[in-house]
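Colleague: here is my input; please provide its structure:
(chains A and B)
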Amino acid sequence: MEFLTSFKICASGLAAQRAKMDVITSNLANVETTKTPEGGPYKKKTVVLSSEPVPGSFNATLKEAVRTVKVDRIDEDKSVKMIFDPTHPDADGKGYVAKPNISLVTEMTDMITTSRNYEACVTAFDATKSMVLKSLEIGR
Amino acid sequence: MSDILIKSGDLIPPGLNSTKPIGENQTGEKGFSHVLKDAIADINKLQTNADEAIAKVQMDNTASIHEAMIALEQANISFRAMMQVRNKILDAYQEVMRTQV
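Modeller: Here you go, the predicted model:
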C-alpha cells in the first residue's frame, strides 16, 4: 500500500528528532560535568543527520526525490571552557577548571527547534492519514 | 466467488468475456477469493505487528512510542480499507439477490 511509504518517512523523521532530543538532553544534563570515564570534561555532542532513498517499491518519478532521514553520526566538540575556580576539586595548579563548551541558550533553542520539527512530522502523519481516510469515502 | 476473474487489478465479470470459459482461470490470473484472502492475510499481519509494537513498548521499553502508534494507524487504515471492500461486495451480492425471477 502506497500510503505506507509516507508513514515510513514520518517514522524516520520522528526517530531522528527523538535521537536529537536525546543528545540535547544529554548536553543539558552534563553542562557542568568535569569528569568522564574517558578522562577530561564532558564533550558537547551534535547529531549529524543524513537522508537515504525509501526502500521498497515506489513511484518511479519520486524514487530519487523522496528520502527518509537517519542519524548518520554523532560529532563531538573537543573544545573545553577554562573557568577560574580554585575551590573546585577538579581545578588544575593555576586554579582553572576545564568545563564542557556548552551554551545553555543554544541548547535550549535547539531543543525548541527539535520539538517543533517533531510536531511537524506528527502533523504530516495526521494529514496523510486524513487523506487516506478521505479517499475511503469515495463513492459513499 | 471463484468464477469472478481478476486480471491486472481489473474486475472482469464472467460472461462479458466470451473467449474464456467461466470458472477456468488462466495462468497469471487469480480467483477473486484468493486476492481477497491474500489481502486479509496482509491486514492480519499489520494487526499482529501493531500488537507486537505495543507489547514491546509496554514490556521492555525498547521500542519507541511513535513506532507503535504508526503501526496501530497502519493496522487501523488497512482494516478500514478492507471493510470498504467488504461493504462493496455485500452490496453487489444483495443487488444480485434482489433480482426478480
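
Colleague: please report how far the spatially most central residue of chain A lies from chain B.
Modeller: With distances taken as C-alpha atoms, centre = their mean, A:K20 lies nearest the centre of chain A, 1.6 Å away. Separation of A:K20 from chain B (C-beta to the nearest C-beta, to the nearest Å) stands at 13 Å. Quick note: C-beta positions are derived from backbone N, CA and C, even for glycine.

Colleague: what's the closest non-adjacent residue to residue 78?
Modeller: Picked chain A for this. A:K43 (6.2 Å; C-beta to C-beta, 6 or more residues apart in numbering or on different chains).

Colleague: can you look at chain B instead?
Modeller: B:I43 (4.7 Å).

Colleague: host element of the residue in chain A that chain B sits nearest to?
Modeller: With C-beta to the nearest C-beta, the shortest gap between chain A and chain B falls at A:L14, namely 4.3 Å. Assigned by DSSP states H and E, A:L14 falls within helix A:3-29.

Colleague: for the longest helix belonging to chain B, packing partners?
Modeller: The longest helix of chain B (DSSP state H) is helix B:65-97. With contacts taken as 3 or more C-beta pairs under 8 Å, 6 or more residues apart in numbering or on different chains; DSSP states H and E, helix B:65-97 sits against helix A:3-29, helix A:104-135, helix B:32-60.

Colleague: check those helices for me and report the most buried one.
Modeller: Mean neighbour count (mean count of other C-beta atoms under 10 Å in any protein chain shown) peaks for helix A:3-29 among the helices and strands packed on helix B:65-97, with a mean of 19.

Colleague: can I get whichever helix or strand comes after it in CSV, CA atoms only?
Modeller: Following helix A:3-29 in sequence order, the next helix or strand is strand A:44-53 (DSSP H and E). Provided in CSV are the C-alpha atoms of strand A:44-53 (Å, rounded to 0.1, in the frame of the first residue of the first chain):
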residue,chain,number,x,y,z
LYS,A,44,29.4,18.6,23.7
LYS,A,45,27.7,16.3,21.2
THR,A,46,25.9,17.1,18.0
VAL,A,47,23.7,14.9,15.8
VAL,A,48,24.5,14.7,12.1
LEU,A,49,21.6,13.6,10.0
SER,A,50,21.7,12.0,6.6
SER,A,51,19.0,11.1,4.1
GLU,A,52,18.6,7.9,2.2
PRO,A,53,16.2,6.6,-0.5
